[in-house]
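1. quick check, what structure comes out for this input:
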Amino acid sequence: MLTKVNPYKNSDLGKKEQVTQMFDTISKEYDGLNRVISFGIDIKWRNNVVDIIKKQQPKSILDIATGTGDLAINLAQTSAEKIIGLDISPGMLNVGKQKVKDKKLDNRIDMIIGDSENMPFEDNTFDAITVAFGVRNFETLNNGLKEILRVLKPGGTFVILETSVPTKFPFKQGYKVYSKYILPTIGKLFSKDKTAYKYLSESASVFPYGEALNNILRNIGFINVQDKPQTFGVATIYIASKS
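-> As a prediction, this is how the structure comes out:
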């Protein structure tokens, strides 16, 4: 059973609305703080995702929870003719749209607002689907994954990049100290939303990873599921496909 973590514990809003509000608030500072809290390693992780997708030579890619568009923009290195970045936060999308425009990728990348658990696409639409640091923000994980399976073409590739918890000493102990104390402190010092990075830390610590998430993907109906831990297990890339 998944433990549900919401950004604002005293809010009457549901998780989906709270997540939207949180990311709208931190949208302009999100990229800079991401580089700081990950020491820039998140760039390498995204590049690893791009390398996996490149091998599939997809014509169409959907990047869910695209945020400010970092992964969607990197996916322009693939052979895809059309890339769609989907996100629930207008604030994050506005930042992403400007980045896409600055890089002159408007003709290949569309940034659209949408709910990952109720997507405006027909069945079997995309050759590849990616989600970077977004699945733990789904209000209902199973619903989001079922939607992804629905819009993925048979034989298509699904790749998740998500934080995970290292299992070996001393990385496990170091990660716990960093995520519980240091990351929230950085967020308090530099973010407009003082609870946002506390939520991001808490949600990462209770979200299933490794074989636990592999099994969830299999139960949804994905096949050829595998995971590739990154940087001592601080993050993990999950790869799956549709029969």
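2. going forward, measure contacts between C-alpha atoms and count neighbours the same way
-> Fine.
3. assign residue 121 to helix, strand or coil.
-> coil (DSSP: H, G, I helix; E, B strand; the rest coil).
4. now it, nearest residue through space, not along the chain?
-> Closest residue to residue 121 apart from its sequence neighbours, by CA to CA, 6 or more residues apart in numbering: residue 151 at 6.6 Å.
5. okay, that neighbour: pLDDT?
-> Residue 151 is assigned a pLDDT of 98 by the prediction.
6. ok, it touching residue 125?
-> Yes - checked against CA atoms under 8 Å, the pair residue 151 and residue 125 is within contact range at 5.2 Å.
7. which one's more surrounded, the two?
-> Neighbour totals were compared for residue 151 and residue 125, and residue 151 leads with 21 against 17 (other CA atoms under 10 Å).
8. residue 139 against residue 15, yeah?
-> Yes - the criterion here is CA under 8 Å, and residue 139 meets it with residue 15 at 5.7 Å.
9. just checking, what packs against whichever strand in the chain runs longest?
-> The longest strand of the chain (DSSP state E) is strand 152-163. On a contact count with 3 or more CA pairs under 8 Å, 6 or more residues apart in numbering; DSSP states H and E, strand 152-163 meets helix 41-56, strand 126-132, strand 235-241.
10. beyond the helix or strand bottoming out on mean pLDDT in the chain, next helix or strand please.
-> Using mean pLDDT, DSSP states H and E, helix 183-190 stands out as the lowest-scoring helix or strand of the chain, at a mean of 73. Next along the chain after helix 183-190, taking DSSP states H and E as the criterion, comes helix 196-206.
11. which SSE is immediately downstream of that next one?
-> Remark: after helix 196-206, the chain's next helix or strand is helix 211-220, criterion DSSP H and E.
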